[in-house]
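Visitor: I need the structure of the sequence given here:
(chains A and B)
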Amino acid sequence: MQFVPAIMKASWLLAVVAACTTESHEAPRPAVTVQAPDVTSTPTSRPIIAQLTSAPEVPQRAWRQHPAHVVVELTVKEVVKPIAPGVTYTFWTYGGDVPGKFIRVRQGDEVEVHLKNDPSSKLPHNVDFHAVAGPGGGAVSTFTAPGHESRFTFRATRPGLYVYHCATAPVPMHVANGMYGLILVDPPEGYGRADHEYYVMQGELYTAGKYHAPGLQTFDMDKGIDERPTYVVFNGAEGSLVGDKAIHAKTGDRVRLYVGNGGPNLVSSFHVIGGIFDKVYPEAGLHPQEDVQTTLIPSGGAAIVEMTFDVPGTYSIVDHSLFRAFNQGAVAQIVVDGPSRNDLMTEKITDLRYDGNEPAEAAPAAQVADDDIGKATFGRICAACHQPQGQGIPGTFPPLAKSDYLASTAKATLIGHVLHGLQGPVTVNGTTYTGQMPPMAFLSDDEIAGALTFARASWGNQLDKVSPQEVGSVRGQTASKP
Amino acid sequence: MSAALVALAVHVAGGAYHTPFPASPGERATEVAAFWLDREPVTNREFLEFVAQHPEWRRDRVKPVLADGRYLASWAAPDALGPRTRPHAPVVDVSWFAARAFCAARGGRLPTEAEWELAAAGTPDELAWYEAPAPDVVPDIGGAPNAAGLRDLHGLVWEWVEDFGASMVAGGGCGTASSSAATAEYMTYMRFAFRSSLEGRFTIGSLGFRCAYDGGAP
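Guide: Model (predicted):
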């Protein structure tokens, strides 16, 4: 017994959706042959309940060789949660958190969505899954009154990372209030091995009070229309991935981030300070790009980014539209643990006085005394490990000061160490070191000769000079080797 | 209009109602005839009297096709209100069928969407109410009356209308010139969206009703 024919309601809602969307994914897609051979076969196994996660966690990939019938249970709740310390907001959520639960299925899966709208909700809600290739993305099928549950099924025909969001009028307000999340459709072959996978989603908040104004904040229509957000945050709140909530990894780990942008207005210039993405799947499409510094993530779009970190430390994730990072909250952190890598990046080695007076004419390099270039090269390159006074770091980096190894090793061998690096073990003054000295063949013959000469004549060492010709000779010998 | 109804209801002048969701760009405004509308939403106390006189609308006797499983669920018993149900608060968790039956018993009917929106036009409304989840216990009636003498059209509960969700919409912009108009439009969007999510047997903890009556000025 239904008072209003479903088709009328469908038309009503769709009209609102269409009216509010200028370039929506609902536009007809060109016919594309889906590559996976099993997409059209009907799953025969028993239904699987999808394991959903809250950000920043990502569910395990399903290692199935076949598509399945997967049940996704999403519950809409309207909840008061913090934006920042002392600032709260009434978020509308999929699952109690912003962003909504992460959904992970396999290409070809038949996805049965159960959308439950909590009885305490004031409003009806629904879901437009960008992973659905069909009108409204499921918005009409999932339109649900408070205290009710809607079910519908779609086939995850295309791989990729897709946004889902509420599409109930007024749509921008529902999205601004937190109703967005990500659904990952793994291709059958997956995206490859990663040591860590995390879920990060950007979104804006438009509050009546200014940034950090305390108390329960209400939605500000003026700011929404003018696209002047009060907050731009990752994972629903300022500081949600900072400090003791930061993402962690070890040097060398492959970190994959599933990044979405809920919007509702802004395009993100997604960047990791100090990081270079090994791989970016721009707009979460099929084909990755490599060695990317900053990638654009449109509102209602996503990207898959992969990175490895060689140098330990804290890396900040930002929207590189920088006022958003510094004045509106768009900062997250990845903390990378591991041994220091002074060969790749040193801390500040020296701090020199500079009084602003440039020399009238830059002195040609040839006029610099040998010991000057040597001292400078040592300070710039070698001191990072061997330390400014050649004392080394006990157990980690061997000393050069009063070094028996330096005194007893042939000059050609020492030159070779600098040119080609040295893998321990090496015993110096009775202590065995097992670390690795990186090759420094990028230095000139003058620089290597100078640095060696400087070390051999400093801190109590009284050894003879090394000439650029000797360095050149060693370099030539090794270069001619096969 | 009987004297009893005149005490309950106020007269609303008719006029043209412009739906925000016209069925076609050329659709004309709906002409609304003058009518009467309850000053306040129907209360729990009033609905308790109704089910005493019409026991087929008790929650333990109602036909499932006429009301879902949450019908009057906050009441302590089929014939008693209880601690979560204040006598002078709007009755909620009632189906469209039950609301219609109540109004018919009172000699009236549910207002149409156009009547309700016309009566509410110009009444102060706050976006904050739409943002917040529904409270566990619905507060008492007692908002300031609008110019016509109608209380609590906004800010307390949603209200059933006769033709909920019947709007056929083919257009309707989201952008407007002024943000205050946009805010009002957003609140209207939310009422229309809410109504269109309903079915006649649905009952919701933030959804009540008031009755309308045909007739001109007294």
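Visitor: tell me the contacts of residue 183?
Guide: Using chain A. Residues in contact with residue A:183 (C-beta atoms under 8 Å, 6 or more residues apart in numbering or on different chains) are A:102-105, A:129-131, A:161-164. Every residue, glycine included, has its C-beta placed from N, CA and C.
Visitor: hm, I was asking about chain B
Guide: Residue B:183 touches A:221, B:127, counting by C-beta under 8 Å, 6+ apart.
Visitor: Can I take it that it is in a helix?
Guide: Yes: with DSSP: H, G, I helix; E, B strand; the rest coil as the criterion, residue B:183 is part of a helix.
Visitor: and residue 118, how many neighbours does it have?
Guide: Using chain A here. 18 (other C-beta atoms under 10 Å in any protein chain shown).
Visitor: that answer is for a different chain, and I need it for chain B
Guide: 22.
Visitor: what do you get for residue A:440?
Guide: There are 18 residues near residue A:440, going by other C-beta under 10 Å.
Visitor: Surely it is in contact with residue A:416?
Guide: No: applying C-beta atoms under 8 Å, one finds residue A:440 not in contact with residue A:416, separated by 11.2 Å.
Visitor: quick revisit: can I get the contacts of residue A:183 in JSON lines with neighbour count, distance to residue A:386 and secondary structure?
Guide: Below are these laid out as JSON lines (neighbours: other C-beta atoms under 10 Å in any protein chain shown; distance: C-beta to C-beta, whole Å; DSSP: H, G, I helix; E, B strand; the rest coil):
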{"residue": "A:102", "neighbour count": "27", "distance to residue A:386": "48", "secondary structure": "strand"}
{"residue": "A:103", "neighbour count": "26", "distance to residue A:386": "53", "secondary structure": "strand"}
{"residue": "A:104", "neighbour count": "25", "distance to residue A:386": "49", "secondary structure": "strand"}
{"residue": "A:105", "neighbour count": "23", "distance to residue A:386": "54", "secondary structure": "strand"}
{"residue": "A:129", "neighbour count": "27", "distance to residue A:386": "58", "secondary structure": "strand"}
{"residue": "A:130", "neighbour count": "24", "distance to residue A:386": "55", "secondary structure": "coil"}
{"residue": "A:131", "neighbour count": "26", "distance to residue A:386": "56", "secondary structure": "coil"}
{"residue": "A:161", "neighbour count": "26", "distance to residue A:386": "47", "secondary structure": "strand"}
{"residue": "A:162", "neighbour count": "24", "distance to residue A:386": "53", "secondary structure": "strand"}
{"residue": "A:163", "neighbour count": "29", "distance to residue A:386": "52", "secondary structure": "strand"}
{"residue": "A:164", "neighbour count": "30", "distance to residue A:386": "55", "secondary structure": "strand"}
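Visitor: Next, residue A:405: secondary structure please.
Guide: helix.
Visitor: ok, the residue nearest to residue A:304 when sequence neighbours are not counted - contacts?
Guide: In this structure, residue A:304 finds its nearest non-sequential neighbour in residue A:281, 4.1 Å apart by C-beta to C-beta, 6 or more residues apart in numbering or on different chains. By C-beta under 8 Å, 6+ apart, the residues touching residue A:281 are A:160-161, A:287-289, A:303-305.
Visitor: What is the distance between stretch A:65-79 and the centre of its chain?
Guide: Distance of stretch A:65-79 from the chain centroid (C-alpha atoms, centre = their mean, to the nearest Å) equals 26 Å.
Visitor: Any part of it near chain B?
Guide: Yes: residues of stretch A:65-79 are located near chain B by C-beta under 8 Å from any C-beta of the partner chain, namely A:77-79.
Visitor: I'd like to check which residues are in contact with whichever residue of chain B sits closest to chain A.
Guide: Per C-beta to the nearest C-beta, residue B:197 is where chain B lies closest to chain A, at 3.3 Å. The contact partners of residue B:197, by C-beta under 8 Å, 6+ apart, come to A:124, A:143-145, A:148, A:168, B:165.
Visitor: Among the residues you listed, name the ones in helices.
Guide: Under the assignment DSSP state H, the contacts of residue B:197 contribute nothing to helices.
Visitor: Please list only the buried members of these.
Guide: A:124, A:143-145, A:148, A:168, B:165 (16 or more other C-beta atoms under 10 Å in any protein chain shown).
Visitor: Residue A:428: which of the residues you listed is nearest?
Guide: residue A:168 (71.4 Å; C-beta to C-beta).
Visitor: and residue A:321, how many residues sit next to it?
Guide: Around residue A:321 sit 15 other residues, with neighbours defined as other C-beta under 10 Å.
Visitor: ok, and what's touching stretch A:431-450?
Guide: A:343, A:365, A:370-378, A:381, A:385, A:394-398, A:415, A:417-427, A:451, A:465-472, A:475.
Visitor: and that stretch, average pLDDT?
Guide: For stretch A:431-450, mean pLDDT is 87.
Visitor: cool, and stretch A:350-364?
Guide: Stretch A:350-364 comes out at a mean pLDDT of 69.
Visitor: just to revisit the earlier point, list just the nearest of the buried ones among the contacts of residue B:197 to residue B:104.
Guide: Closest to residue B:104, out of all of those and judged by C-beta to C-beta, is residue B:165, at 20.8 Å.
Visitor: my guess is the closest one meets residue B:198, correct?
Guide: Yes: using C-beta under 8 Å, residue B:165 is in contact with residue B:198, at 6.0 Å.
Visitor: Using the record's domain definitions, break chain A down for me.
Guide: As assigned by automatic domain parsing, chain A contains the domains A:48-337, A:352-480.
Visitor: Thanks a lot, catch you later.
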